[in-house]
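K.L.:
Predicted model and sequence follow; I will ask about them next.
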Amino acid sequence: MAERLDGVDLRIGIPDADVAGVIAAFGLDTCEPSERAIHLLETPPGIPARLTAAGAAARLECTPGRCEVVVQLRPARRARLGPRWAGFHSGQGHRLRITEEWVATQRVLVAALTASLDTGDPAADPARAPAGAEPGRGLLSARQLDFLADCAGLTLPQNRLMMIGPIRERAWTLRHDELRLRVRRWTARRGGRTRDLDLADLEARTSPADAPFLFPALRALARQHLVDTEAEASPLAVRALVWASATGG
């Protein structure tokens with residue numbers, strides 16, 4: 001089977017201290033973004049099967065009327081994907097995307113399995129979860145649990161996860177010549193003296209054939225808007241988990 005690659009994700013992480021300045025440089029503080037609520041998912045302390053330790057991440061993404069759970073492996077390993085996953089694209093409320101992420105000097109294989117949730121289920125909306133419920137229990141589908149077991153060797157006991165959030169995501173889509181890019185900004189607040197979360201990334205999705213031409217264009221555009229393109233900032237979900245851990249979230 002030929003090695004499958006559904007696309008290339010070009011990403012430039014914006015250093016935390018530069019977020020406000022970069023947003024202003026792009027003129028986004030006066031533009032209307034799309035918005036959704038993000039909850040990061042992680043296994044509770046004391047359970048050995050930790051998502052982050054296995055190179056996995058999971059999150060709940062909600063807009064009005066629609067919720068999805070994304071399970072992502074970064075890096076993914078082709079030897080572990082096997083024919084079952086390499087040949088699966090979509091079906092029964094799931095879709096799998098296998099991509100290469102380009103960031104600074106790194107090229108990382110990423111596999112993301114997304115499952116749609118019935119938004120009538122209270123577990124899909126933490127604000128409507130019944131008293132005493134564990135909002136993170138049962139959020140991953142059976143297919144996603146199989147994906148983690150097959151491709152990361154990870155078994156989650158009782159499909160039990162902590163929910164971290166909500167994080168407000170605002171996203172702006174911009175066009176510059178042949179380049180279509182998205183700026184994503186994640187913000188969240190914590191009481192007391194701990195600092196608020198404020199993260200951003202520049203992203204562009206493209207084909208493997210076009211990536212070598214568009215990545216230099218994205219980096220040049222980023223530099224024009226005050227972005228340090230040599231800073232190899234981790235993805236938003238990774239940085240948000242570090243923040244939550246530091247703030248007791």
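P.N.:
Arrived safely. Residues are numbered from 1 along each chain as shown.
K.L.:
what ranges do the strands span in the chain?
P.N.:
Assignment of strands within the chain using DSSP state E yields the ranges 7-14, 34-42, 56-63, 66-73, 90-91, 94-103, 106-117, 162-176, 179-188, 197-206.
K.L.:
Between those, which one is closest to residue 229.
P.N.:
Residue 229 lies closest, by Cβ to Cβ, to one member of these: strand 7-14, at 5.7 Å. The way it works is simple: take the backbone N, C-alpha and C, and place the C-beta from them, glycine included.
K.L.:
residues in contact with the closest one?
P.N.:
Applying Cβ atoms under 8 Å, 6 or more residues apart in numbering, the contact partners of strand 7-14 are 22, 97, 99-104, 110, 199-208, 210-211, 214-215, 218-219, 222, 227-229, 231-235, 239.
K.L.:
quick one on the thing from earlier: just so I know, which of the strands of the chain lies nearest residue 139?
P.N.:
Nearest to residue 139, of all those, is strand 66-73, at 5.5 Å by Cβ to Cβ.
K.L.:
any idea which helix or strand of the chain has the worst average confidence?
P.N.:
helix 236-246 (a mean of 88; mean pLDDT, DSSP states H and E).
K.L.:
quick one: that helix to strand 34-42, angle?
P.N.:
For helix 236-246 against strand 34-42, the angle by axes from the mean of the first three to the mean of the last three Cα atoms, to 10 degrees is 60 degrees.
K.L.:
for the lengthiest helix in the chain, packing partners?
P.N.:
The residue-count maximum for a helix in the chain (DSSP state H) belongs to helix 211-224. Contacts defined by 3 or more Cβ pairs under 8 Å, 6 or more residues apart in numbering; DSSP states H and E place helix 211-224 against strand 7-14, strand 94-103, strand 179-188, strand 197-206.
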